[in-house]
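> Here is a sequence with its predicted model. Questions after.
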Amino acid sequence: MNTVAADWLSNHYNFPGYPTLFYDGGDQVTVGAYSDSATNHNWFEPIIDDVADRVVEPLNVIISVDTSNAAANEFLFHVRVGNGVGVNSAPSNAAAPTGLTTVTVGASADYTTSATDPDGDGLYFQMDWGDGQITEWLGPFDEGVPHVFSHSWSAGGSYDIKVRTKDWYEEVTDWSSPLTVAAGCCLSPTVGDCDQSGVVDITDVSVLIDNQFLTLTPLSCEAEGDVDYSGVVDITDLSVLIDNQFLTLTPLNPCP
């Protein structure tokens, strides 16, 4: 008698003393398999022969554990099983980021990207901001949906930003095509773009009024507000900008 098996039967199945067979990991159970006197063999032998003759395909199993919310003691387990076939397909390369191509140094800018996954897996994104900063894997996010990531550059220059993705099962893609971003100050053709929108308009007048009289909020690019080239942003610059927008429409100076 196998003592381990006997103990299992006694404590879990309550079948002590009975010959017992388990097929397919317990999916089927045969109890009391005594000899058949008519045919002079154990009646369970044909069952064993039938199971032994089956062709069993290789079983592919892949498991992923997502610990992104470990601080809340939450873990996501993703399991996929393939019966002799591949269990995972790689996601598509992420789309090249889209967003502003000229930004002010120190100002945050948003960039959008997306990718798809043939298995519908959640996706992680990794951003290379072109200034030596590469993010950790961010996600998981729904596949096929645009996602926005933000960054600011601390120094002026030209930066190629790109992104890559991976699925739940660590299938990593190549980097996307780059988007070139110019970071600096006063990048529009002329001074006066106080809100860094890319165009000089009435909103810039509002921003300069706010800067000079209301909240006194510093401009993200002081050179944009110095429309009279005096070296400081003051009420005279507001007068020049109002004149440009509403009165004489005098052209503003080029960016220094």
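Yep, that arrived.
> Might one say that residue 159 is in contact with residue 184?
No - with contact defined as CB atoms under 8 Å, residue 159 does not reach residue 184; the gap is 10.9 Å. Where you see a C-beta, it was placed from the backbone N, CA and C, and this is true even at glycine.
> Between those two, which has more neighbouring residues?
Using other CB atoms under 10 Å, the more surrounded residue of residue 159 and residue 184 is residue 159, with 21 against 17.
> what's the closest non-adjacent residue to the more buried one?
residue 130 (3.3 Å; CB to CB, 6 or more residues apart in numbering).
> cool, residue 141 as well?
In space, residue 141 is closest to residue 147, 5.1 Å off (CB to CB, 6+ apart).
> So what sits opposite the one you found in the bridge?
Note on residue 147: beta-bridge partners residue 113, judged by DSSP bridges.
> Can you name the residues that contact it?
112-114, 125, 141 (CB atoms under 8 Å, 6 or more residues apart in numbering).
> Kindly recompute the last result at 10 Å.
When contacts are counted by CB atoms under 10 Å, 6 or more residues apart in numbering, residue 147 touches 94, 111-115, 123, 125, 138-139, 141, 163, 165.
> Distance of it relative to residue 221?
Taking CB to CB, to the nearest Å as the measure, residue 147 falls 28 Å from residue 221.
> All the strands of the stretch 101-250 of the chain, in order from the start?
Secondary structure of the stretch 101-250 of the chain, counting by DSSP state E, counting those that start in this stretch: strands at 102-104, 109-113, 123-128, 138-141, 147-151, 157-167, 179-184.
> mind listing what's buried in the second one?
Judged by neighbour count (16 or more other CB atoms under 10 Å), strand 109-113 contains these buried residues: 109, 111, 113.
> cool, the fifth one as well?
Neighbour-count burial for strand 147-151, counted by 16+ other CB under 10 Å, picks out 147, 149, 151.
> tell me the domain boundaries of the protein?
3-53, 98-184, 187-256 (automatic domain parsing).
> And the helix or strand in which residue 51 is found, what does it pack against?
In this structure, residue 51 sits in helix 45-53 according to DSSP states H and E. Applying 3 or more CB pairs under 10 Å, 6 or more residues apart in numbering; DSSP states H and E, one finds that helix 45-53 makes contact with strand 20-23, strand 28-31.
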